[in-house]
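Peer 1: let me see the structure of the following:
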Amino acid sequence: MGFEFSRRQWLTIVVISIADFCNAICVALQAPFYPQEAENKGCTATEYGLVFGVFELVVFLISPVYGSHLNRIGPKLLFNAGILTTGTCAILFGLLDKVEGHIPFITLSFVIRIVEALGNAAFLTASFAIIAKEFPNNVATMFASLETFFGLGLIVGPTLGGALYSIGGYTLPFAVLGSALFCAAIMSCLALPRNHDDEDVRPTGRKYRPTMCTLLKVPGVLLAAISIMSTSMSIGFLQATLEPHLRQFKFTHVVLGLMFVINGGVYAVSAPAWGWLCDQPHIKPKYVTIIGCLFISGGFLLIGPAPFFNIPTIMWVTILGLVLHGLGVGSQLVASFSDALNTAIASGLPNSIETYGLVSGMWTSTFALGAFIGPTVSGLLFDSIGFRNSTLFIFVLHICVMLVVLLYLWSSDREKLDVSVSAGDLLQLDGTLDESVLIGDKYILPPPREKSHRCGISVEQSRPPAMNSLIACSSYKNRRSPWSSRTPRYRPSYGSLDNRFRASSGE
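Peer 2: Residues are numbered from 1 along each chain as shown. Sure thing, here's the model as predicted:
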């Protein structure tokens, strides 16, 4: 499947991909050698463990705020500010070895890590929203492609950082890779296409302004958020306890590092394929989510392996489990983003930068929450019941998510068959709309010729070609009809509708 992108779109892809890659490197850079430096300064494992954990906690708390105010701040400004902040903090983190004393060292570590988390959340939230705006017909594919670069950065970061650390000590990795991210930030400031927020089509009036609560009240979006969090928990679960589990094999540091690369590498490689699958018109992203739940559940049964298999831990079985986990992570994370975005718009939220920002903030926030909960729970379970028994927690969690998604799909399909309203049923003899069949106050259409709160264009003008006898409706009970889920084509700017729609709507 080929894509015909404009020069502007290709430039957006290149800029965000490079920034994604460099950002991931800097986020994962300190993992191999910061703990040792912290211990040299007199810090305990609890203290420097919190330095890592506070990063995800801050991202979880601040991402919804960024998403809610993205339209006011502007996606490009938030993107550039986030990258510059992350790069600057990475360089400053490399100077911590010059700080003398336990308390000053750990205090500055917390401060720098918190500010870095603020920048990272800003960058991720803005980049997801920009991609959703620039590529409205290929959201899942492009999101997955960016996640591939981010995944590669997470793999390269610790490896390259460890090599630079062995050459020049603690400061060199942060100085080199932090400077690379800083240069990427400058490049994005100069090269990222300018957005035009004043052209954005968004509903008027306070009652139609979307909020994070509005978004999460949509059942399909809430399910996507749960899927993101559970997937992130599975990643954090292995980050905290896989190394102690593998000690029985007495691997070298190089081989042990490669074991941690397996699931991340499979995720990075498979993500574009999952994205392409989610963008197919006849495949619901929730079907891909179900496949992901099966992969992750099966993977965790093998990584241990599960205690009821009554077999010892075998290296090739563990590797197979990590491969299945990587495939599951790719399918669930990619599907959940496109599913949340499509479901939010289909449920009546405006097809604008405001909704894109909310979905981006929700994705970043719930992923960070899972990354914070996962290592915490896995550590407690590891100490109390051991690794093999604790893997059943992730297995049961994803089976439950899969069953809930199946129940949602079954109920929504049944509801559509029972109460769907044909567009022709809305037409009265005098040619006006019969609004009595519309369900829910937020889905009542405005008077004819006025702008709908859905897309900002009149119902007459949103009518598809050759549909002279039908009215395209988007009531709650019929939002999955062929025409209700269609959106107008975009020209290449962040969320702008084609001028012919604006002119014909009286603007």
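Peer 1: quick check: phi and psi at T313.
Peer 2: phi -70, psi 120 (degrees, to the nearest 10).
Peer 1: just checking, it touches R247?
Peer 2: No: shown here, T313 and R247 do not form a contact pair, counting by C-beta atoms under 8 Å, at 10.9 Å. Yep, even glycine has a C-beta here, placed from its N, CA and C like the rest.
Peer 1: who has more neighbours, those two?
Peer 2: T313 (16 against 9; other C-beta atoms under 10 Å).
Peer 1: how is this structure divided into domains?
Peer 2: Domains of the chain are assigned by automatic domain parsing as 1-194, 210-419, 424-507.
Peer 1: in JSON lines, list those domains along with mean pLDDT.
Peer 2: Supplementary listing: those in JSON lines, determined by pLDDT from 0 to 100:
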{"stretch": "domain 1-194", "mean pLDDT": "82"}
{"stretch": "domain 210-419", "mean pLDDT": "85"}
{"stretch": "domain 424-507", "mean pLDDT": "41"}
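Peer 1: these two touch, right, I131 and F143?
Peer 2: Yes: under the criterion of C-beta under 8 Å, I131 makes contact with F143 at 5.8 Å.
Peer 1: from the chain's centroid, how far away is the helix or strand containing A344?
Peer 2: Element membership of A344, judged by DSSP states H and E, is helix 315-346. Distance of helix 315-346 from the chain centroid (C-alpha atoms, centre = their mean, to the nearest Å) equals 11 Å.
Peer 1: and the gap between V405 and Q332?
Peer 2: 10 Å (C-beta to C-beta, to the nearest Å).
Peer 1: and for the two, which residues touch both?
Peer 2: Here V405 and Q332 have 227, 289, 293 as joint contacts, going by C-beta atoms under 8 Å, 6 or more residues apart in numbering.
Peer 1: need the three-state assignment for I283.
Peer 2: Three-state call for I283 (DSSP: H, G, I helix; E, B strand; the rest coil): coil.
Peer 1: not counting sequence-adjacent ones, nearest residue to it?
Peer 2: Nearest-residue entry for I283: L277, 6.0 Å, with adjacent residues in sequence omitted and distances by C-beta to C-beta, 6 or more residues apart in numbering.
Peer 1: count of neighbours near L190?
Peer 2: Neighbour count of L190, defined by other C-beta under 10 Å: 9.
Peer 1: using CSV, write down the CA coordinates of the helix or strand encompassing it.
Peer 2: Following DSSP H and E, one finds L190 within helix 171-191. Written as CSV, here are the backbone C-alpha positions of helix 171-191 (Å, rounded to 0.1, in the frame of the first residue of the first chain):
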residue,chain,number,x,y,z
THR,A,171,29.4,13.1,31.9
LEU,A,172,30.2,12.1,28.3
PRO,A,173,27.0,10.1,27.4
PHE,A,174,24.8,12.9,28.6
ALA,A,175,26.9,15.6,26.9
VAL,A,176,26.9,13.9,23.5
LEU,A,177,23.4,12.5,23.3
GLY,A,178,21.8,15.5,25.1
SER,A,179,23.5,17.8,22.6
ALA,A,180,22.2,15.6,19.8
LEU,A,181,18.6,16.1,21.1
PHE,A,182,19.2,19.8,21.5
CYS,A,183,20.2,20.0,17.8
ALA,A,184,17.1,18.0,16.9
ALA,A,185,15.1,20.6,18.8
ILE,A,186,16.6,23.5,16.9
MET,A,187,16.0,21.6,13.6
SER,A,188,12.3,21.1,14.6
CYS,A,189,11.9,24.8,15.4
LEU,A,190,13.1,25.7,11.9
ALA,A,191,11.7,22.8,9.8
